[in-house]
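[1] Sequence and predicted structure are below.
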Amino acid sequence: MATQAKQHTHKNPKSGKSLLHDKFTHVVPRRRLTTEELYRNLAEVDPALLLMALVHITRDTSLLDRYGPELKKAERGELQPGVKHVDTVAGVSTVAVISDQSRKELIQLAAAALDHDPAEQTEYLSGYELDPDTFIKMASLVVGQPVDPENTEMFLEQAGFVRPLPVLSQSGEHPAERIELAIIGAGMTGLAAAVQAMDRGFGFRIFESTDKVGGVWSLNDYPGVAVDTPAVYYSLSYEMNSSWSSYYPTGPEYLAYLNKLVDKYGFRERIEFNSEILRVEWIDADQEWELTIVRNGRDAYKYRAAAVMTCLGHLNRPLYPDLQGRETFKGVSIHANRWRHDVDLRGKRVGIIGTGATGVQVIGKISQEVGHLTVFQRQPMWIAPNRVGDGVVAPGKRWARENLPYYLHWDRLKDYWSFGDAVGYPVVRADPEWARTHQSISPANDAAMQFFLNYIHSCFGEDSELTRKLTPDYAPLGKRIVRDPYDFAPGGFYYALSQPNVDLETSKLARVVPDGILTSEGKLIELDVIIYATGMTLDWLSPVEVVGREGVRLSQLWRDNNPSSYLGGMVPGFPNLFVNSGPHTGAAHAGGHNFMAEVVNHYAMECLQMLVEEDARSIEVTQEAHDEHNRKLDEAMAGSIWVWERRANTYYTNQKGRPILPTPWRHVDFWKMTREPRKDAFILR
C-alpha cells in the first residue's frame, strides 16, 4: 500500500489554530456493501469517480498511478453512444471510459474492502487528509484535464469535503450570541445564511413574506417547472443530496430538498412566516437596525437586530410587457410565475409571450394538451440541448452516490468544473480582434455558438424557416443561456415548435385586444388564454425601504437602476447591512447562484466575526474601499461579453448599458477575495 496522504490542515493564518473540529467534518458512514451489490450497481458508473472512491476506501493512493493513465474522456463534439451527461457550453463529455478488465478490477478491489463487517474496515481517507498535490491529481483525473492548484481550497469546499470554514479566529473572549442577525427571505440563500450563522454561534431570525420556505421554488409552480442546472451542483456544498431522482429535478423535488434542510437544522421555529418587511432603518444612537414588519397583512410591529442580511434574490415580482390593452382581453390571463391552477388549458387556443427559461419549460409541457399554441418570441435565445434523455438518474449512479464513500463529492466536483471557470469563463471574455469580424466575441465563444447552432440544425435543418427565426444575432452568453427541458421529443421546447398545433410568431406585438393579440403587421391572433412568461422585476430591494445613517436611503444611492456595493453586498453609510444577491454577484459564466450565495454569506459571517473579536458594535465599509473595489470591477468588466455585446436584450445590464448583475471575475478570484475581510477597509465603532 502506498504511503498515506498527509494531513491537509485548515488553520487560521493569524492565530495558527486548527479549524478542524467535529462540526465541520463530513462523516461518511461505514456499512457492509456486498460483492453482489457492487457488481450490480457499478457496472456502468463513471470509472474516474469509482477510482476516486476506491482511493478513499482503501487509502491507497498508488491506485491513481495504476489506473489513472488509462482513463479517457469522450471526444469533443457529438456524444458517443451511451454517454448522457455533458456540460452546457461546449458539449464536452464529463464521463470517462476505461477497459472492461480495469473496471472489473476496480470493483473487485472495492468488494475486498467493503464486503465484510464494517467494524473491521479502516477509516476512509477524508478530504482533510488529502495533501494538496494528491487532491489536484485526483481532481484532474475526474475532469479529464489538468486542474490548476490555485483551485484547491475552493474545490475542497465546493465538492463538500469541508464546510465553509471560519478564517478569523473565534477567541471566546466575546460572546458570538450577542450578534442577533435578521435574515430577510427563506429561500435557498436565506436558509444557507441561517446554517452558517448557526455554525458561528450567532443568533438569528428569518423573516419570510409568504407562508412557506423555498423562495422562488415555493412561488413558481407553473407546468414543467424544474431546475435547469444539475442538482448535484445546484445545492449547498455542505448539504449535498445523494438521492436526486433527476439530473434536473422538478420544482417540487427541489422545494422538498430545502424543507428537509430546515427540518435537519431545526430552525423552522426561528422563521417568522407571513411577515413582510416594509422598512429597515439604522438607529445610530443604539447601533442597531429597526425593522418595520407587517404580519398577516395587518399587524405591524417593530423588531431590533444588530445586523441585517437581505436574501431576497434578484428577481421577485412578476414583470409584464409594456403592451397596451392587456386589461381589455376577455379571455384568461396568467403570469407564468404566478400560475393559475383553476384554468384548464385542454383544447384551448393559447398564446404565450416569452421564450426564456420559464417560457421554454411551460411551452414544452403545455404544447401536448392545448388545442393550439402560439409562441410569441421577442428575441431568440441560445438554447442548450438537454442531452440526458428522460433526465432520470441511472439506478447505478444513484446507488453509488448514496452508498459509495465520497463518490458523491467527486461527482459534484465534476459537475462544478463543467459549469465553472475552466469551461465558462473563456466564453465570456472578448478577443477584440476576433470580435470585430465575427458574431461571436472569441474563439471560445465561437465554439459555444457552433455547439448551439448544431442543436438548432439537428432539429430543424440548416436552411429551414424555423432555424432562421430561432437563430440569435448576438454572441452566446450575451444573455442567460436557456436549457431545453427535454431532447427533441415530447416535452422539449424545440420539439414543441415542430408540432402542427404550435406556431412561432416573431412579429412585433402591437397590442392586446378583447379577442387576442394584434401584431404590428395587423394580424389578429385569436386566443382563449394569454400566458405572460416575461420574467420578473429586477428589484434591488426596492420593495423594502432601507434607511442608513443620517437618513440616507439605499434607493437613492441605487437610483436609475445603477447599484454598486463592496464585494457584492456592503454599502458605505449602511453599517451591519449585508445584501446577498447584490450587484455583481450573478454567477453568469458559471451556472448556479448557490455558489455566490455561499460565498457572500461566508464573507458576511467573517465581517460579523470581526465585529465580535474587536468588541465593536458596527462595521461599515469605507467610501474609499468601496470606490477602489468598483474601479477594479469596472476594469475587469471592460473585457466581458456584457460590455462588448450590445445586441442582446438582457437584465444583466441597465438602461445605459452598464453591467449590474454579473461578476467580471472568475469564481476562484471572487472566492479568494471574500475569504477574510481587511480591517483597513472598514470603520469599526
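    Received, thanks. Remember, predicted model here, so these are calculated numbers, not experimental data.
[2] Output the below-cut-off pLDDT ranges for the stretch 51-200 of the chain.
    73-94, 165, 169-172 (pLDDT under 70).
[3] show me where it has helices.
    Here the stretch 51-200 of the chain has its helices, by DSSP state H, counting those that start in this stretch, at 62-67, 100-114, 132-143, 152-158, 188-200.
[4] Is it possible to get TSV of these that adds mean neighbour count and distance to Gly569?
    C-betas here are computed from N, CA, C, even on glycine. Formatted as TSV, the helices of the stretch 51-200 of the chain follow (neighbours: other Cβ atoms under 10 Å; distance: least, Cβ to Cβ, whole Å):
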stretch	mean neighbour count	distance to Gly569
helix 62-67	16	40
helix 100-114	17	45
helix 132-143	20	30
helix 152-158	22	19
helix 188-200	24	11
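[5] can I get the ones you listed in JSON lines with distance to Ala422?
    Putting the helices of the stretch 51-200 of the chain into JSON lines (distance: least, Cβ to Cβ, whole Å) gives the following:
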{"stretch": "helix 62-67", "distance to Ala422": "21"}
{"stretch": "helix 100-114", "distance to Ala422": "26"}
{"stretch": "helix 132-143", "distance to Ala422": "8"}
{"stretch": "helix 152-158", "distance to Ala422": "11"}
{"stretch": "helix 188-200", "distance to Ala422": "25"}
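[6] I'd like to know which of those lies nearest to Val544.
    Val544 sits nearest to helix 188-200 of all those, at 13.8 Å, using Cβ to Cβ.
[7] next one: the closest one to chain centre, how far?
    Chain-centre distance of helix 188-200: 16 Å, with Cα atoms, centre = their mean, to the nearest Å.
[8] what's near enough to touch the residue lying closest to Ala588 once chain neighbours are set aside?
    Of all residues beyond its chain neighbours, the one nearest Ala588 is Pro662 (3.4 Å), with distances taken as Cβ to Cβ, 6 or more residues apart in numbering. Neighbouring residues of Pro662 by Cβ atoms under 8 Å, 6 or more residues apart in numbering: Val428, His584, Gly586, Ala587, Ala588, His589, Ser640, Trp642, Tyr652.
[9] wait, which of these is closest to Arg631?
    Using Cβ to Cβ as the measure, the one of the contacts of Pro662 that approaches Arg631 most closely is His584, at 12.9 Å.
[10] contacts for stretch 28-37?
    Residues contacting stretch 28-37 (Cβ under 8 Å, 6+ apart): 56, 110-111, 114-118, 121, 124, 126, 399, 403-406.
[11] List only buried entries from the residues you listed.
    Buried subset of those (neighbour count, 16 or more other Cβ atoms under 10 Å): His56, Ala110, Ala111, Leu114, Gln121, Tyr124, Ser126, Trp399, Asn403, Leu404, Pro405, Tyr406.
[12] Next, find the distance separating the last one from Val579.
    The spacing between Tyr406 and Val579, counted by Cβ to Cβ, to the nearest Å, is 36 Å.
[13] Return the residue of the protein that is most distant from the centre.
    Distance from the C-alpha centroid of the chain, by Cα atoms, centre = their mean, peaks at Gly522 (41.9 Å).
[14] which residue packs closest to that residue, ignoring adjacent ones?
    Ala510 (7.8 Å).
[15] in the helix or strand harbouring that neighbour, what counts as buried?
    Element membership for Ala510, per DSSP states H and E: strand 509-513. Neighbour counts using 16+ other Cβ under 10 Å place Leu509, Ala510, Val512, Val513 of strand 509-513 among the buried residues.
[16] CA atoms only for it, dumped as CSV, please.
    Output in CSV follows, covering the C-alpha atoms of strand 509-513 (Å, rounded to 0.1, in the frame of the first residue of the first chain):
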residue,chain,number,x,y,z
LEU,A,509,-46.8,42.9,-30.9
ALA,A,510,-49.0,46.0,-31.3
ARG,A,511,-51.5,45.5,-28.5
VAL,A,512,-53.8,43.1,-26.7
VAL,A,513,-57.4,43.3,-27.9
